[in-house]
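>>> Here is a sequence with its predicted model. Questions after.
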Amino acid sequence: MIKRSLGAAAIAATAMGVAMVPAKAEFINVLTGGTSGVYYPLGVALSKIYGDKIEGARPQVQATKASVENLNLLQQGKGEIGFALGDSVKLAWEGDAEAGFKAPLTKLRGIAAIYPNYIQIVASKDSGITDLAGLKGKSLSVGAAKSGTELNARAIFAAAGMGYSDLSKTEYLPFAESVELMKNRQLDATLQSAGLGVASLKDLATSVPVNMVAVPEDVVTKLGAPYIAATIPAGTYEGQSADVPTVAVVNFLITHEDVSEETAYQMTKQLFENLPEMVAAHAAARAISLDNALTGMPVPLHPGAERYYKEKGLM
């Protein structure tokens, strides 16, 4: 009777269009960022790779406020893999309350270093802002409060001997909302920490005349690790005729200790063995390389990721 009942339930579920989840199904929630950033399209690509290549995987993509939220969700077991900035990962491991981590997030485990985020400060031409000092007395969006982007903004301002109090107005808005305010001439500048060619800034630069704001080398030196000097190449955005010096910080894919070794192994393996699909989703993925996968990892590796790297001769 039990077998008949289960069989009837399966038939009924199929008739109603409800898929029966196999017992071995492995749910993989990919934590990303706002839909106008780089994390989201890369997360969508990663989810598809996992769905196609990992037997029994049932991936989904979650749009979030990015680094800080992703790391807190991973600690709570509410995701299996997430994108995060290196400085956010370091502060999460240390339990920096000011950065949004009430206690050390000791369950975090590393999967891979991926591509660098470029801190990109863009101002309207009308504002006359061309350098960091020019932001004084102007309005600036620094990203969602306590997001990875906002942590970058705080660090850069501190290294430059400035603070939010030097601004006429500080907005804490995601990328797309910041761009809309600039289009409507309600905001002078936006600071966005993302891969080169991020959709929000492409949209902005094709809509209104803008200046790319340089971050001088002495500020980068004061910042120190995990920040590095970087250049936004000429032509990255509409109307950008020259290279612009700035600062960058490496992004990481992070998981947590309760994810099985086999799942973490497959998540690592399928990332590196399907890089063309990631590049097709966003050009920032061109910088993802197995050779750099362990560079600057701020937390212990997951045993599953470690297994993959040993197979590839990196450990």
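That came through, no problem.

>>> Next secondary structure element downstream of the helix or strand where residue 191 lies?
Using DSSP states H and E, the element containing residue 191 is strand 189-194. Using DSSP H and E, the helix or strand that follows strand 189-194 in sequence is helix 199-207.

>>> For that following helix, give the mean pLDDT please.
The pLDDT scores in helix 199-207 average 95.

>>> and it, how far out from the chain's middle?
Offset of helix 199-207 from its chain centre (Cα atoms, centre = their mean, to the nearest Å): 19 Å.

>>> what sits up against that helix?
36-37, 120, 122, 175-176, 178-179, 182-183, 190, 192, 194, 210, 237-240 (Cβ atoms under 8 Å, 6 or more residues apart in numbering). No exception for glycine: its C-beta is placed from N, CA and C like everyone else's.

>>> List only those of those residues flagged as buried.
Those of these that meet the buried threshold are 36-37, 120, 122, 175, 178-179, 182, 190, 192, 194, 210, 237, 240, by 16 or more other Cβ atoms under 10 Å.

>>> Check the gap between residue 171 and residue 186 for me.
The spacing between residue 171 and residue 186, counted by Cβ to Cβ, to the nearest Å, is 9 Å.

>>> Those two: which has the busier surroundings?
Higher neighbour count among residue 171 and residue 186: residue 171, with 17 against 11, using other Cβ atoms under 10 Å.

>>> what's near enough to touch that one?
Going by Cβ under 8 Å, 6+ apart, residue 171 touches 139, 140, 141, 142, 178, 181, 187.

>>> picking up where we left off before, take the buried ones among the contacts of helix 199-207 and write them to JSON lines, including distance to residue 50 and secondary structure.
Shown next, in JSON lines, are the buried ones among the contacts of helix 199-207 (distance: Cβ to Cβ, whole Å; DSSP: H, G, I helix; E, B strand; the rest coil):
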{"residue": "36", "distance to residue 50": "23", "secondary structure": "coil"}
{"residue": "37", "distance to residue 50": "20", "secondary structure": "coil"}
{"residue": "120", "distance to residue 50": "29", "secondary structure": "strand"}
{"residue": "122", "distance to residue 50": "34", "secondary structure": "strand"}
{"residue": "175", "distance to residue 50": "25", "secondary structure": "helix"}
{"residue": "178", "distance to residue 50": "31", "secondary structure": "helix"}
{"residue": "179", "distance to residue 50": "31", "secondary structure": "helix"}
{"residue": "182", "distance to residue 50": "36", "secondary structure": "helix"}
{"residue": "190", "distance to residue 50": "32", "secondary structure": "strand"}
{"residue": "192", "distance to residue 50": "27", "secondary structure": "strand"}
{"residue": "194", "distance to residue 50": "23", "secondary structure": "strand"}
{"residue": "210", "distance to residue 50": "37", "secondary structure": "strand"}
{"residue": "237", "distance to residue 50": "32", "secondary structure": "coil"}
{"residue": "240", "distance to residue 50": "35", "secondary structure": "coil"}
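
>>> OK, contacts around the closest residue in space to residue 153 that isn't next to it in sequence?
The spatially closest residue to residue 153, leaving aside those adjacent along the chain, is residue 142, at 3.9 Å (Cβ to Cβ, 6 or more residues apart in numbering). Shown in contact with residue 142 (Cβ under 8 Å, 6+ apart): 149, 150, 153, 154, 164, 170, 171, 172, 191.

>>> Which ones among those lie within helices?
149, 150, 153, 154 (DSSP state H).

>>> measure the last one to residue 249 for me?
In this structure, residue 154 lies at 13 Å from residue 249, with Cβ to Cβ as the measure.

>>> how close does the residue nearest to residue 153 get to residue 98?
For residue 142, the distance to residue 98 - Cβ to Cβ - is 15 Å.

>>> ok, back up a step: from the ones in helices among the contacts of residue 142, pick the one nearest residue 282.
Of all those, residue 282 sits closest to residue 149, with 16.9 Å by Cβ to Cβ.

>>> buried ones in the helix or strand hosting residue 249?
Using DSSP H and E, residue 249 falls within strand 244-256. Neighbour-count burial for strand 244-256, counted by 16+ other Cβ under 10 Å, picks out 244, 246, 247, 248, 249, 250, 251, 252, 253, 254, 255, 256.

>>> With stretch 65-77 instead?
For stretch 65-77, burial by neighbour count (16+ other Cβ under 10 Å) applies to 65, 66, 67, 68, 69, 70, 71, 72, 73, 74, 75.

>>> again with stretch 297-307
Buried residues in stretch 297-307 (16+ other Cβ under 10 Å): 297, 298, 299, 301, 302, 304, 305, 306, 307.

>>> and what of stretch 220-229?
For stretch 220-229, the neighbour count (16+ other Cβ under 10 Å) marks 220, 223, 226, 227 as buried.

>>> what's the answer for stretch 98-112, then?
Buried residues in stretch 98-112 (16+ other Cβ under 10 Å): 99, 100, 101, 105, 107, 108, 109, 110, 111, 112.
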